[in-house]
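Peer 1: A predicted structure for the sequence below; I have some questions about it.
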Amino acid sequence: MSTDSEWLQSQLDRYTYRSGWAWTLHGQSDDYWSATFTVEITFSAVDAHDPSSNCVIFSRQAIPPFVVQERDPELFKRWFQTTIFNVEMHESREWLRRDGVLVEDPHKDQQVNP
């Protein structure tokens, strides 16, 4: 029987997406009660704040425990597809502007006020 991390890695290895997109599994433990797994998605994109340059995007997403526990490839597929689409949605929100101003800044809540 494979460990949780081995099973998750085998599922991730089945997927490809856009050119330059990659993902890395991170986990703290294979113990049933303390395992917390994440997937770090990385890719290069045009910088929305400086369109003349590219930047590397890192998005770390938690894998819900029930996805790990069920070990159902279809459940994993639905979670992973939704995760990829959510990353894409976040990135697209950095581009839509009205009169030159972002319609909705996805980083607004993450900015620290001086």
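Peer 2: Looks like it arrived, so ask away.
Peer 1: quick one: the helices in this protein?
Peer 2: 4-12, 65-70, 73-93 (DSSP state H).
Peer 1: Using a markdown table, please lay out those together with distance to residue 52 and mean neighbour count.
Peer 2: Yep, even glycine has a C-beta here, placed from its N, CA and C like the rest. Below are the helices of the chain laid out as a markdown table (distance: least, CB to CB, whole Å; neighbours: other CB atoms under 10 Å):
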| stretch | distance to residue 52 | mean neighbour count |
| --- | --- | --- |
| helix 4-12 | 33 | 16 |
| helix 65-70 | 40 | 14 |
| helix 73-93 | 18 | 14 |
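Peer 1: Which one, of those, ends up nearest to residue 104?
Peer 2: helix 73-93 (5.4 Å; CB to CB).
Peer 1: ok so, going back, just so I know, which of the helices of the chain lies nearest residue 102?
Peer 2: By CB to CB (comparing all of the helices of the chain), the closest turns out to be helix 73-93, at 7.8 Å.
Peer 1: tell me the mean pLDDT for that closest one?
Peer 2: Per-residue pLDDT over helix 73-93 has a mean of 96.
Peer 1: How about stretch 18-32?
Peer 2: The model assigns stretch 18-32 a mean pLDDT of 83.
Peer 1: same thing with stretch 59-67?
Peer 2: 93.
Peer 1: Need the CA coordinates for that stretch. CSV is fine.
Peer 2: Output in CSV follows, covering the C-alpha atoms of stretch 59-67 (Å, rounded to 0.1, in the frame of the first residue of the first chain):
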residue,chain,number,x,y,z
SER,A,59,0.6,29.7,-5.5
ARG,A,60,0.4,27.2,-2.7
GLN,A,61,-2.9,25.4,-2.3
ALA,A,62,-3.9,23.1,0.6
ILE,A,63,-5.2,19.7,-0.3
PRO,A,64,-8.4,19.0,1.7
PRO,A,65,-7.9,16.0,4.0
PHE,A,66,-11.0,14.3,2.6
VAL,A,67,-9.3,14.3,-0.9
